[in-house]
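>>> Got a predicted structure here, sequence first:
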Amino acid sequence: MNVIEGSERVHRPETYKQWQIRTIRAGFKTLSLDLMKTLRDKLKAWYHKDFVIDEDNHWMLQGWKGRILYVSSCWVPAQES
C-alpha cells in the first residue's frame, strides 16, 4: 500500500458527470428525483436567496451564489438478478 500525506498529496477531483459515466459502466442506473419540486418550494420559503437547488440528468445540485457545492444521486443495479 502506498500512502502519501502532507505536501506530496495530490487531489484529483472528478466532476459528477465523470462519476456518472463510471457508475453506468459498473452496471448501475439512476433513479428519478421526484422530490425536486417539493425541495424547490421549501428552498424558496426557508432559505437564503443565494442558495440554489437544481437537477441535471437525475443528479441533485446544491449550490451557493452560482457555485455548485454538493451533488447527490440515487443508483440501483441496472439489471436485477
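Happy to help now that I have it.
>>> host element of the nearest residue to Ile68 once chain neighbours are set aside?
With CB to CB, 6 or more residues apart in numbering as the criterion, Ile68 has its nearest non-adjacent residue at 5.2 Å, and that residue is Leu61. The way it works is simple: take the backbone N, C-alpha and C, and place the C-beta from them, glycine included. In this assignment (DSSP states H and E), Leu61 forms part of strand 59-64.
>>> what about the strands in this protein?
28-30, 51-56, 59-64, 67-72, 75-77 (DSSP state E).
>>> can you redo the ones you listed as a markdown table with mean pLDDT and mean neighbour count?
Below are those laid out as a markdown table (pLDDT from 0 to 100; neighbours: other CB atoms under 10 Å):
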| stretch | mean pLDDT | mean neighbour count |
| --- | --- | --- |
| strand 28-30 | 91 | 15 |
| strand 51-56 | 89 | 15 |
| strand 59-64 | 92 | 16 |
| strand 67-72 | 91 | 12 |
| strand 75-77 | 91 | 12 |
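>>> who wins for proximity to Leu43 among the ones you listed?
strand 51-56 (5.2 Å; CB to CB).
>>> Near Asp41, how many residues? Count them for me, please.
Asp41 has 10 neighbouring residues, counting by other CB atoms under 10 Å.
>>> if we can go back for a sec, what sits against the residue nearest to Ile68?
Tyr16, Val52, Ile53, Asp54, Glu55, Ile68, Tyr70, Val71 (CB atoms under 8 Å, 6 or more residues apart in numbering).
>>> please redo it, this time with the cut-off set to 7 Å
Neighbour list for Leu61: Ile53, Asp54, Glu55, Ile68, Val71 [criterion: CB atoms under 7 Å, 6 or more residues apart in numbering].
>>> okay, among those, which ones form the most distant pair?
Farthest apart among the contacts of Leu61 by CB to CB are Glu55 and Ile68. That separation is 12.1 Å.
>>> which residue is nearest the centroid of this structure?
Val71 (2.2 Å; CA atoms, centre = their mean).
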